[in-house]
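**Q** starting from these lines, generate the structure:
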Amino acid sequence: MATNDSGSETKPRVLYACSGAADSGQIADLVARRLDDEEWGGISCLSGVGAGLSSFLEYAKEVDNIILDGCPVGCGRKMFEQHGLLFTEVVITNHGVVKGSTPATPEVVERVTNSIKASFNGK
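**A** Sure, this is the predicted structure:
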């Protein structure tokens, strides 16, 4: 556990990314990897949660789960709801991405990464 500015314990932030077939899923995956590289949050396996693997489910109970869903279909959200896990959902299409029309360029990944970080400022 880490501590925040007030000295109280905080849970580690863990990202679970949609890696769906659409460009928005690819962007979600690349953004999660970038946020991990920047040490903004770690990454865990969304498929492990969806498969109901006990080690992934137990881990998800101990951390601050952030799901990066590519679009409003919310596959990641539905997996977490199915297992009764707490989470915050970030939908990539709410950050200037149009599903099926936004290529996963480095510029788009940077813009979406910065938008997501800004949306968590103070949280």
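
**Q** next, count neighbours for I67.
**A** 26 (other CB atoms under 10 Å). Quick note: C-beta positions are derived from backbone N, CA and C, even for glycine.

**Q** where's the closest residue to L46 other than its chain neighbours, which helix or strand?
**A** Computed as CB to CB, 6 or more residues apart in numbering, the closest residue to L46 that is not its neighbour in sequence is Y16, at 4.1 Å. Here Y16, judged by DSSP states H and E, is contained in strand 13-17.

**Q** extract the CA atoms of that strand and return them as PDB.
**A** Output for strand 13-17, consisting of C-alpha atoms alone and laid out as PDB, is shown next (Å, rounded to 0.1, in the frame of the first residue of the first chain):
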ATOM      1  CA  ARG A  13      -4.100   1.700  -9.100                       C
ATOM      2  CA  VAL A  14      -4.500  -1.200 -11.500                       C
ATOM      3  CA  LEU A  15      -5.500  -0.900 -15.200                       C
ATOM      4  CA  TYR A  16      -7.500  -3.500 -17.200                       C
ATOM      5  CA  ALA A  17      -7.700  -2.700 -20.900                       C
END
